[in-house]
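K.L.:
sequence-free structure coming up:
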């Protein structure tokens, strides 16, 4: 009787769920997302599912979004309550103001009407999430002016509170806040998306790995395959339908985070979190592999991976890495150029310029940062690489160790701050910018 009653109840739930998903797909997905509004990994999975099914996912909008996910036209609009670090009470107060007194005309109108509900941190989150994109300015411009605008609005509010009646007996009128937006470019795509993910927990307006996807079409694994499983109700054990323990896989993705550890033998290894369009997976890099990848181990690096799936009952599947390589879109261009040179009947150094290119390079004279690391220990080189990553730019870095030259994968912006930090590792003679 127990089994039959439960089977009947589950059958009814399954039937209703399937009905809703088929005939009211957008409403069904919005309900699922609201049920998981504080579970970023699952939100990311469902957003990717909607994109695959050609269901539009609209970003947060200060004039259109509600606190929760909501069906809008033929798609789903992200709710303002899904933003990290944004209080539900503040969001509801903003939306109530909008519903009662009309849409916000521009950023200054929003600030004048809602400064009493929000603080600078909330406004910053709204900017990076794209909630003010509807006002026609870039996110970098909003980020440059929002603190000043909020300060001026708060100052006016205090002035009105302290002196409601003017010298001529009239009530002080509402004053418009003029905002002068600086003529600065929008954030670069990678930085813009990174800030967006920082407050939404997921890429919405794009994904930095998206343009690399065609280059990994031959891989047999992506993070979506980890979501296909059946969980035993009594034991909690998961049985995966798309992957097996020990399965040999290949994949492409972007490094999001990594953690370096020292083993009992004194060697170093790393746990690297790699993400693709569908989620993220932990990659275990033992000392032999770590020694080969430490030079390019940094967030936002695109990598190709080959290894074996490891499935344990107490945690999500991971990958034991056999090989990890940094991937660059520039590599195919170099190979193609060298192939053309070979057809001409003579050899040339890989990537070497022709006569016209050489003349152009002489005119531009790009600088190179030379670092002599001969006296540094391996641990110091690790820290040096981490420092270089904070100053990403377009200047090439070349390491010199015991007379040998090594091309560093990390390019930098050689400003005073970087040179000051380098001085903590190397003496003046070991640092040259030429």
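P.N.:
Received, thanks. Just so it is clear, the structure is predicted and the values come from calculations on it, not from any experiment. Residues are numbered from 1 along each chain as shown.
K.L.:
so the nearest residue to residue 429 once chain neighbours are set aside versus residue 412, what's the distance?
P.N.:
Once flanking residues are discounted, residue 429 sits nearest to residue 372: 7.5 Å by C-beta to C-beta, 6 or more residues apart in numbering. From N, CA and C alone the C-beta is placed, and that goes for glycine too. The spacing between residue 372 and residue 412, counted by C-beta to C-beta, to the nearest Å, is 16 Å.
K.L.:
before we move on, the earlier item: what are the bridge partners for the residue nearest to residue 429, then?
P.N.:
Beta-bridge pairing of residue 372 under DSSP bridges involves residue 400.
K.L.:
helix, strand, or coil at the closest residue to residue 237 other than its chain neighbours?
P.N.:
Spatial nearest neighbour of residue 237, excluding adjacent residues (C-beta to C-beta, 6+ apart): residue 313 at 5.7 Å. Counting by DSSP: H, G, I helix; E, B strand; the rest coil, the backbone at residue 313 sits in coil.
K.L.:
repeat that for the one 10 residues further on.
P.N.:
When states are read from three-state DSSP, the local structure at residue 323 comes out as strand.
K.L.:
ok, it - how many residues close by?
P.N.:
By other C-beta atoms under 10 Å, the residues close to residue 323 number 13.
K.L.:
distance of the residue nearest to residue 429 from residue 399?
P.N.:
Distance, residue 372 to residue 399, using C-beta to C-beta: 8 Å.
K.L.:
and what of residue 287?
P.N.:
21 Å.
K.L.:
which of the two has more neighbours?
P.N.:
Neighbours per residue, other C-beta under 10 Å: of residue 287 and residue 399, the larger number sits with residue 399, 20 against 15.
K.L.:
got the contact list for the more buried one?
P.N.:
Counting by C-beta atoms under 8 Å, 6 or more residues apart in numbering, residue 399 touches 371-373, 405-408.
K.L.:
among the residues you listed, which pair sits farthest apart?
P.N.:
Within those, 372 and 407 form the most distant pair, 14.7 Å apart (C-beta to C-beta).
K.L.:
pick out whichever of these two has more residues nearby.
P.N.:
Higher neighbour count among residue 372 and residue 407: residue 372, with 18 against 10, using other C-beta under 10 Å.
K.L.:
and the more buried one, how far from residue 409?
P.N.:
Distance, residue 372 to residue 409, by C-beta to C-beta: 18 Å.
K.L.:
ditto for residue 432
P.N.:
19 Å.
K.L.:
isn't residue 212 right next to residue 252, touching?
P.N.:
Yes - counting by C-beta atoms under 8 Å, residue 252 is a contact partner of residue 212 at 6.4 Å.
K.L.:
which neighbours do those two share?
P.N.:
In contact with both residue 212 and residue 252: 302, 327, using C-beta under 8 Å, 6+ apart.
K.L.:
low-confidence ranges in this structure?
P.N.:
Within the chain, the segments meeting pLDDT under 70 span 1, 41, 161-175, 329-366, 417, 420.
K.L.:
so where do the helices sit in it?
P.N.:
Ranges of helices within the chain are 2-23, 25-35, 40-52, 88-101, 107-114, 120-129, 139-162, 189-200, 287-293, 330-343, 355-364, 378-389, 416-422, based on DSSP state H.
K.L.:
okay if I get these as TSV plus distance to residue 70?
P.N.:
Formatted as TSV, the helices of the chain follow (distance: least, C-beta to C-beta, whole Å):
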stretch	distance to residue 70
helix 2-23	16
helix 25-35	6
helix 40-52	14
helix 88-101	11
helix 107-114	20
helix 120-129	15
helix 139-162	23
helix 189-200	16
helix 287-293	43
helix 330-343	43
helix 355-364	52
helix 378-389	39
helix 416-422	44
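K.L.:
quick one: which of those is nearest residue 276?
P.N.:
When these are compared by C-beta to C-beta, helix 40-52 sits nearest residue 276, at 9.5 Å.
K.L.:
can you give the contact residues for that closest one?
P.N.:
For helix 40-52, the external contacting residues (C-beta under 8 Å, 6+ apart) are 29, 32-33, 36-37, 56-57, 75-76, 82, 201-202, 204, 224, 227, 277-280.
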